[in-house]
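# here are the coordinates; sequence isn't available:
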Ligand SMILES: NC(=O)CC[C@H](N)C(=O)O
């Protein structure tokens, strides 16, 4: 094979089905929850998006690797996926920004890559039966093991740090954030203080922030116990915004429920309706859980967005407090920039509250 190493390999799912392909990576084994994503581009952003921690990612687009890996599109320091499944690998990347091939990058980080898989049949199975656990292996007799230790601990920052800005102070709870979200918040002016996933109320109050932000991240939102408690403390005291996992955490803190979806939404063309403006957006998404509609107390919370494919909740807003959140990824990367104005809207709200508290003090 042109790209070096290759041997027969398999993806085995927990329902017993086996897909045969070629193991083209150095690492030949990986366990995880098998999920598919439909983005035609954006593999670099997807593999480095920490929300995919613990998952084997299947790309539905049939040719992967075409534009290599560049130094601008990383969403975190390293890939967090447990394995990568594709139809066909392109070993001759062609792009002016390409620095190395996708396979050499994944090999450096010990991620197993299975190529030559009938990803269409695999995706149909996952759509019909729902997300399943699986193993990438060179031996189909291997059993599927599963360790989803503490995913938040794995992906969150270990120490607090700051991204200085000229605007209000934002306490940013890092649950496995994508860099693009930090970039967008900083570009609208926030002075960002990033805290680990288990930051306490006292830790955060040391900086006396003007607002709180909850990031995207991996796993079941109900496991984010520290962030849920923290959010309960701050709602009503400071403006709060959440994206994806952050949205689910805000919903849980408000007393709603979250449920696991059959196969989730992963891709860059998920249609969303903004019920407040009646505008439709095409959005980038990557989630396997959703806020349960029936659990939302409509006297207290407004559903602001829904997914146009399946009607699931994609955004909520508190009726009386400055608390709102979206399930989709407004920062895009990869994906359309239809909905980036949410960052300006957040800044406007925070400035109003900042001025109010200033005048209340003088
Ligand atoms: N991108 C995210 O933040 C994902 C949130 C959560 N882990 C889910 O799968 O629903």
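Okay, I see it. Keep in mind the model is a prediction, meaning the values are calculated, not measured.
# Do you know the pLDDT at residue 334?
Here the pLDDT value assigned to residue 334 is 80.
# State the three-state secondary structure for it.
What DSSP: H, G, I helix; E, B strand; the rest coil gives for residue 334 is coil.
# how far away is the residue lying closest to it once chain neighbours are set aside from residue 285?
The spatial neighbour of residue 334 that comes closest, neighbours along the chain excluded (Cβ to Cβ, 6 or more residues apart in numbering), is residue 42 at 2.6 Å. All C-beta spots, glycine's among them, are computed from the backbone N, C-alpha and C. Distance, residue 42 to residue 285, using Cβ to Cβ, to the nearest Å: 12 Å.
# Also residue 16?
30 Å.
# Apart from its neighbours in sequence, what residue is nearest residue 224?
In space, residue 224 is closest to residue 249, 5.3 Å off (Cβ to Cβ, 6+ apart).
# which SSE is residue 170 in?
For residue 170, the host element (DSSP states H and E) is strand 169-173.
# now swap in residue 247 and tell me
Using DSSP H and E, residue 247 falls in helix 245-253.
# For the top strand by length along the chain, which helices and strands make contact with it?
Secondary structure assigned by DSSP state E gives strand 258-274 as the longest strand of the chain. Counting contacts by 3 or more Cβ pairs under 8 Å, 6 or more residues apart in numbering; DSSP states H and E, strand 258-274 packs against strand 30-37, helix 119-129, helix 245-253, strand 279-291, strand 301-307, strand 313-318.
# and if we set it to 6 Å?
strand 279-291, strand 301-307 (3 or more Cβ pairs under 6 Å, 6 or more residues apart in numbering; DSSP states H and E).
# Tell me which of those strands sits most buried.
strand 279-291 (a mean of 21; mean count of other Cβ atoms under 10 Å).
# Show me how far it is from its chain's centre.
Distance of strand 279-291 from its chain centroid, counting by Cα atoms, centre = their mean, to the nearest Å, is 11 Å.
# State the mean pLDDT of that strand.
96.
# same check, this time on stretch 98-113
98.
# in it, what's buried?
For stretch 98-113, the neighbour count (16 or more other Cβ atoms under 10 Å) marks 98, 101, 102, 103, 105, 106, 107, 111, 112, 113 as buried.
# measure the third one to residue 231 for me?
Translated: residue 102. Following Cβ to Cβ, the distance that separates residue 102 from residue 231 is 37 Å.
# What strand or helix carries residue 193?
Residue 193 belongs to strand 191-195 when assigned by DSSP H and E.
# packing partners for that strand?
strand 161-163, strand 169-173.
# any residues touching the last one, and which ones?
Taking contacts as Cβ atoms under 6 Å, 6 or more residues apart in numbering, the residues outside strand 169-173 that touch it are 190-195, 204, 207, 209-214, 227.
# Distance from the chain centre to the lengthiest helix in the chain, please.
If you go by DSSP state H, the chain has its longest helix at helix 341-361. Centroid separation between helix 341-361 and its chain, computed with Cα atoms, centre = their mean, is 27 Å.
# quick one: buried residues of that helix?
342, 343, 346, 347, 349, 350, 351, 353, 354.
# Then stretch 28-45?
Applying a neighbour-count criterion of 16+ other Cβ under 10 Å, the buried positions in stretch 28-45 are 28-39, 42-45.
# Can you name the residues that contact the nearest residue to residue 131 once chain neighbours are set aside?
Nearest non-adjacent residue to residue 131, counting by Cβ to Cβ, 6+ apart: residue 263, 5.3 Å away. Going by Cβ under 6 Å, 6+ apart, residue 263 touches 126, 127, 130, 131.
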